[in-house]
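[1] below are the sequence and a predicted model; questions follow.
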Amino acid sequence: MVEMKYSGVNPVDTYIRSGSYAVLPQLPYIPGKDGAGVIAQVGDRVFVEQSGRHGTLAEFAAVHEDRTYLLPENLNLEQGAALAIAAFTAYRALHLKGGARKGHRVLVHGASGSVGQAAVQLARAAGLHVVGTAGTAEGEEVVLQCGAAAVYNHRRPGYLDELKAKESEGFDIVLEMLSNVNLGNDLSLLRRRSVVVVSNG
């Protein structure tokens, strides 16, 4: 049993609330996919990844032991609540699905979102050349602060031509948050033996 102190707002929670998620949960349903709190009986600070019908938007959440993770001392509970799903999704996309290796070139579409920010930071920490896209000037600044070598505004006319010209070596991994819009263009940005990893981030 975890006494919840903070709950992150994951995009999936938003889709479920709006009724637009592909598979809607049965009611009653408590939303919240990630959060942070204190194990009620022990007192350890943890961040959690929750699934099922009882989410983190509650005072207490029954969380299976393998879905709780001790929070490092250098992170507070508020930061921990924002960490779980976004960081796990980014790690899985880059390393487990994308096969990222030092020196690889990575493009992160939607890099100013939660999964995108985590992906940029994880890619940079792994020694990858990482480039991102964002849709606003503020988003572009966030992506650069996360460690991207460059960022392109995907709402600016001609951004794709600029991206192809400046990143002419192509990419080993493209992390895609909106494949129904970008997939065709993504394929034109790939190097040989490369991969597009699609996330709902």
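    Looks like it arrived, so ask away.
[2] mind listing what's buried in whichever helix or strand Asp13 is part of?
    Here Asp13 is covered by helix 11-18, with elements defined by DSSP states H and E. Across helix 11-18, burial judged by 16 or more other CB atoms under 10 Å covers Pro11, Asp13, Ile16. Just so you know, the C-beta spots here come from the backbone N, C-alpha and C atoms, and that holds for glycine as well.
[3] and the first one, how far from Gly184?
    With distances defined as CB to CB, to the nearest Å, the gap from Pro11 to Gly184 amounts to 23 Å.
[4] so how far is the helix or strand that comes right after the helix holding Asp13 off the chain centroid?
    Later in the chain than helix 11-18, the nearest helix or strand by DSSP H and E is strand 34-39. Distance of strand 34-39 from its chain centroid, counting by CA atoms, centre = their mean, to the nearest Å, is 19 Å.
[5] can you tell me which helices and strands strand 34-39 packs against?
    On a contact count with 3 or more CB pairs under 8 Å, 6 or more residues apart in numbering; DSSP states H and E, strand 34-39 meets strand 2-8, strand 45-49, helix 77-91.
[6] show me the one of these that comes nearest Tyr69.
    strand 45-49 (5.5 Å; CB to CB).
[7] okay, buried residues for stretch 122-132 please.
    Neighbour counts using 16+ other CB under 10 Å place Leu122, Ala123, Arg124, Ala126, Leu128, His129, Val130, Val131, Gly132 of stretch 122-132 among the buried residues.
[8] next one: the residue nearest to the last one when sequence neighbours are not counted from Asp34, what distance?
    This means Gly132. Counting by CB to CB, 6 or more residues apart in numbering, Gly132 lies nearest to Ala111, which is 2.8 Å off, once chain neighbours are set aside. As judged by CB to CB, Ala111 and Asp34 stand 20 Å apart.
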